[in-house]
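**Q** structure for this input, please:
(one chain, ligands or ions: 2)
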Amino acid sequence: MKKVIEMNNINVYYKNICALENINFTVEEKEFLAILGPNGGGKSTLLKLILGIAEKSSGTIKIHGDDPKKNKSKVGYVPQFTKFDKKFPINVEEVVLMGRLKSKISFFHKYTKEDKEKVGEIMKELNIFHLKNRQIGELSGGQLQKVLIGRALFMDPKILLLDEPTASLDGAAKTQIYALLKKLNEKMTIIIVTHDYGVVNSYVKNILCLNKKLYYHGEKGMDSKLVEAVYGCPVDLIAHGVPHRVLGEHREGIF
Ligand code: ADP
Ligand code: MG
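**A** Numbering: from 1, shown residues only. Ligands and ions are numbered 1, 2, ... in the order given. Model prediction:
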């Protein structure tokens, strides 16, 4: 299998705060990977490194064999807590169009006919075509997440990164998003940061457990050996991040 992400001895410091320490891992093509870990564990930083928008302090990182900054259109990104001003007058179609790289929009014609057609296809694929002219302020949380995924898909990414996309969704909306990601995974690598310990096992292929250091990267599963490997040390650490939510979901899920 082709390696799409390679990190070697990566350290990231924000001034004197160490966010990531000696991270080594590779991700293969068509992986569906969940990144688990407590708040402040460096999950968002890891995604931003892959995107080329966070700076490493030392180590090497390659995306499709190249510097992350050279591969921007190959990586789609759904950021954590997108704070759209819900009153901002913009509709679903326009948000998906925002995924077009700015550098590729011509000066006089904002978007081409091809752009518009492409948006149509993406909206159909995500089952949001009927919402095309809907203002974003009128969408449910699940619908808005699909629109943001649509925006991230615009440049035909080979890797799709999602930072806690289901955090504010109810169970049914979560399931829909995971089902959609599973479908998208047929053609691209998917990496999702999530606290949905209960659902990750049914959808993702592998998990990566991060709390500044990388504690585990490998197959998901419910067996005690894995639980020990993943949480033998970090159970406590993970619980520290978001005690109520994580402990509750933990027991239903991996435990
Ligand atoms: P997570 O996404 O797992 O919650 P982050 O990657 O956001 O973790 O943060 C990891 C650590 O780095 C935390 O201690 C956080 O406070 C710190 N951090 C993140 N971004 C910045 C930043 N831009 N400036 C300074 N410190 C940061
Ligand atoms: Mg984060």
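**Q** where do the helices sit along the stretch 1-150 of the chain?
**A** 43-51, 92-97, 113-125, 141-153 (DSSP state H, counting those that start in this stretch).
**Q** and the first one, what does it pack onto?
**A** Contact here means 3 or more CB pairs under 8 Å, 6 or more residues apart in numbering; DSSP states H and E; on that basis helix 43-51 packs against strand 3-14, strand 17-28, strand 32-36, strand 58-63, strand 75-78, strand 159-163, strand 189-193. All C-beta spots, glycine's among them, are computed from the backbone N, C-alpha and C.
**Q** and for the last one?
**A** For helix 141-153, the contact count by 3+ CB pairs under 8 Å, 6+ apart identifies strand 75-78, helix 92-97, helix 113-125, strand 159-163, helix 171-184 as packing neighbours.
**Q** in stretch 150-168, which residues are buried?
**A** Along stretch 150-168, these residues count as buried under the neighbour rule (16 or more other CB atoms under 10 Å): 150-155, 157-167.
**Q** against ligand 1, how distant is the residue in the chain that ligand 2 sits nearest to?
**A** Nearest residue of the chain to ligand 2 (CB to the ion) works out as S44 at 3.2 Å. Shown here: S44 relative to ligand 1, a distance of 3 Å by CB to the nearest ligand atom, to the nearest Å.
**Q** so the spatially closest residue to S73 that is not a sequence neighbour: helix, strand or coil?
**A** Closest residue to S73 apart from its sequence neighbours, by CB to CB, 6 or more residues apart in numbering: M155 at 4.3 Å. Here M155 is recorded as coil under DSSP: H, G, I helix; E, B strand; the rest coil.
**Q** would you agree M155 is in contact with L97?
**A** No. Taking CB atoms under 8 Å as the definition, M155 is not a contact partner of L97, at 11.7 Å.
**Q** G150: what's it in contact with?
**A** V95, V96, G99, V119, I122, M123, L126, I128 (CB atoms under 8 Å, 6 or more residues apart in numbering).
**Q** circling back to that earlier point, what about the residue of the chain closest to ligand 2, how many neighbours?
**A** When neighbours are counted by other CB atoms under 10 Å, S44 registers 20.
**Q** now do the phi/psi pair for Y111.
**A** Dihedral pair for Y111: phi -130, psi 150, per degrees, to the nearest 10.
**Q** same deal with K56?
**A** phi -80, psi 150.
**Q** give the bridge partners for the residue nearest the centre of the chain, please.
**A** Taking CA atoms, centre = their mean as the criterion, L162 is the residue nearest the geometric centre of the chain, at 1.5 Å. Beta-bridge partners for L162, by DSSP bridges, are V78, I192.
**Q** hmm, it is touching I190, no?
**A** Yes. Between L162 and I190 a contact is recorded at 7.4 Å, counting by CB under 8 Å.
**Q** who touches both of the two?
**A** By the contact definition CB under 8 Å, 6+ apart, L162 and I190 are jointly contacted by L181.
**Q** per-residue confidence at the spatially closest residue to K118 that is not a sequence neighbour?
**A** Spatially, and ignoring its direct neighbours in sequence, K118 is nearest to F154 (7.0 Å; CB to CB, 6+ apart). If you check F154, the pLDDT there is 94.
**Q** how much space separates F154 from I63?
**A** Separation of F154 from I63 (CB to CB, to the nearest Å): 18 Å.
**Q** check the buried residues of stretch 150-168 one by one and keep those near ligand 2.
**A** On the criterion CB under 5 Å from the ion, none of the entries of those sits beside ligand 2.
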